[in-house]
Every structure is written in C-alpha cells, then in structure tokens.
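Enquirer: Sequence and predicted structure below; questions after.
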Amino acid sequence: GDSVTQMEGPVTLSEEAFLTINCTYTATGYPSLFWYVQYPGEGLQLLLKATKADDKGSNKGFEATYRKETTSFHLEKGSVQVSDSAVYFCALSGARLTGGGNKLTFGTGTQLKVEL
Amino acid sequence: KAGVTQTPRYLIKTRGQQVTLSCSPISGHRSVSWYQQTPGQGLQFLFEYFSETQRNKGNFPGRFSGRQFSNSRSEMNVSTLELGDSALYLCASSPGLIILRGRYEQYFGPGTRLTVT
C-alpha cells in the first residue's frame, strides 16, 4: 500500500537558519504530493502541493520538488522564523490511476521549533 | 468563502456511549473526508463521502460510520466508545472532482477533540 516516511523530530533551529525536512514515499502510479502544517490546537493547513514529477510547489518561502526518481518531496525554507514553529506533515493522494477517492496518506509529522 | 466548520469543538464522553460529530464543508465542495489523529497512530483516514455516497473507507471497525446529506454536510458516528477512541477528529473538504494525474487539495477544519473517560 501507499506510505510516507518523514524524518523524526523535533527539529530545533535558530531564527534565519536553513530548513530541510525529508520526505519519501511509496506508491504506485502517479500520486499527488502535499505538505500540510499544523499549529498548536488547530487543524491542518495546506502549505504547498505538486501533482506531477519535477513540479515545484512553493508558498510563504517554503519549497518542495516532486522527485519521482528518488520518490522524494523534501520541504525546504531558506530562512525560518519563530512563527514557523509547528508540526509539518508530508502526504500523498491519488496514487492509483483507477478508482475514486481523495484519500490522503500522511507521514508521522515533524515538529519544528525555531528559537531566537 | 467560509472554511470548513466542525461541531462541537470539544466533547467528553464515557465508555460505552455513542457520539455524533458534524462537519460543514466549504460551499460548493462535494467531497468530505474524515481523519482520526492520535499521538500514537498519527493521522489515519476514516472514510470519504461524495454526493451522499461513501467513496472510500479506511481500516476502522464498524463502530465508526458516517453519512453525507444532500447539502454536502457530513456526520460521523462512533458507537460503543472505547478509551482508545480519544482523539482529534478532522474533517476535510474538496471539490471532489478527480482528474487523471491531478487531484484537488483538501481543506481541513479545526477538528473535534473527543475525550473518552
């Protein structure tokens, strides 16, 4: 079945540091890939997405590139802020070419703490 | 547009009771999915409804059920509650249309925090 593997957290960085959160996936067909962010006490917010190989999703300074050859979708940001502290989830959907549904398969989440 | 709303936001129930959670999707969205989030199991897919029909189902026991109404609002029900059902239950909506090699993203509500004592 489909699966997503994320790097373990927590990840602690100083403000303005470079961020990378690794994400790899296992799926057949052509999945769409997503990064969601969850702030304390809230639901999930879509951060960015990519729907085909070599697509780059970007939003709020975050970027991730869909690499089919390495089955990866690593999240990066050049300069993190304290306000970026949250839990980040990598997810995939739509891996099958046939059949319906929008089921999302999530990774375990990576907690990011950014300190002054 | 208003976002996804879920009611109630917090709920405390006793083992053996049943509970119903409600979700109102973004206007115009026809697909509603439900997820359970726990510290131990993470985010797990429960089921998806599209045009009042269950389109996809996760690996949960039959105590977990759902339905969708003609206005796309959805409810999920958990019967005979167990301590392990304590979790954050998240609802997500999307337009629901499926295009080969493309999927619409899902938008999540704030969740219902269920505590079973």
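Expert: Received the coordinates, thanks.
Enquirer: Pass me the low-pLDDT residue ranges in chain B, would you?
Expert: Chain B contains residues with pLDDT under 70 at B:1, B:96-104.
Enquirer: Can you name the residues that contact the most centrally placed residue in chain B?
Expert: Note on chain B: the residue nearest the mean C-alpha position is B:W34, at 2.5 Å, using Cα atoms, centre = their mean. Under the criterion of Cβ atoms under 8 Å, 6 or more residues apart in numbering or on different chains, the neighbours of B:W34 are B:23, B:45-48, B:66, B:74, B:76, B:89-92. Placement of C-beta: from N, CA and C, glycine included.
Enquirer: try it again with 10 Å
Expert: Contacts for B:W34 (Cβ atoms under 10 Å, 6 or more residues apart in numbering or on different chains) come out as B:6, B:21, B:23, B:44-49, B:58, B:60, B:64, B:66, B:74-76, B:89-92.
Enquirer: How about B:S27?
Expert: Counting by Cβ under 10 Å, 6+ apart, B:S27 makes contact with B:1-2, B:71-72, B:93.
Enquirer: near chain A too, which of those?
Expert: The subset of the contacts of B:S27 within reach of chain A, by Cβ under 10 Å from any Cβ of the partner chain, is B:S93.
Enquirer: Neighbours of the residue of chain B found nearest chain A, how many?
Expert: Nearest residue of chain B to chain A: B:N56, at 3.5 Å (Cβ to the nearest Cβ). The number of residues packed around B:N56, counting by other Cβ atoms under 10 Å in any protein chain shown, is 17.
Enquirer: Which element, helix or strand, includes it?
Expert: strand B:53-57 (DSSP states H and E).
Enquirer: ok, and for stretch A:59-78, which residues are buried?
Expert: By 16 or more other Cβ atoms under 10 Å in any protein chain shown, the buried positions in stretch A:59-78 come out as A:62-67, A:71-75, A:77.
Enquirer: Also stretch A:3-15?
Expert: Applying 16+ other Cβ under 10 Å to stretch A:3-15 flags A:4, A:6-7, A:11, A:13 as buried.
Enquirer: chain center to that stretch: distance?
Expert: Offset of stretch A:3-15 from its chain centre (Cα atoms, centre = their mean, to the nearest Å): 10 Å.
Enquirer: From the opening residue of that stretch to its closing one, how far?
Expert: Stretch A:3-15 has an end-to-end distance of 32 Å (criterion: Cα to Cα, to the nearest Å).
Enquirer: Next up, the contacts around residue 71.
Expert: I went with chain A, as the question did not name one. So A:T71 contacts A:4-5, A:23-27, A:31, A:33, A:92 (Cβ under 10 Å, 6+ apart).
Enquirer: That was the other one, I meant chain B.
Expert: B:24-25, B:27, B:52.
Enquirer: Which parts of chain B are strands?
Expert: Along chain B, counting by DSSP state E, strands occupy B:5-7, B:10-13, B:19-24, B:31-38, B:42-50, B:53-57, B:64-68, B:74-78, B:87-94, B:98-99, B:102-103, B:107-108, B:112-116.
Enquirer: Many thanks, have a good one.
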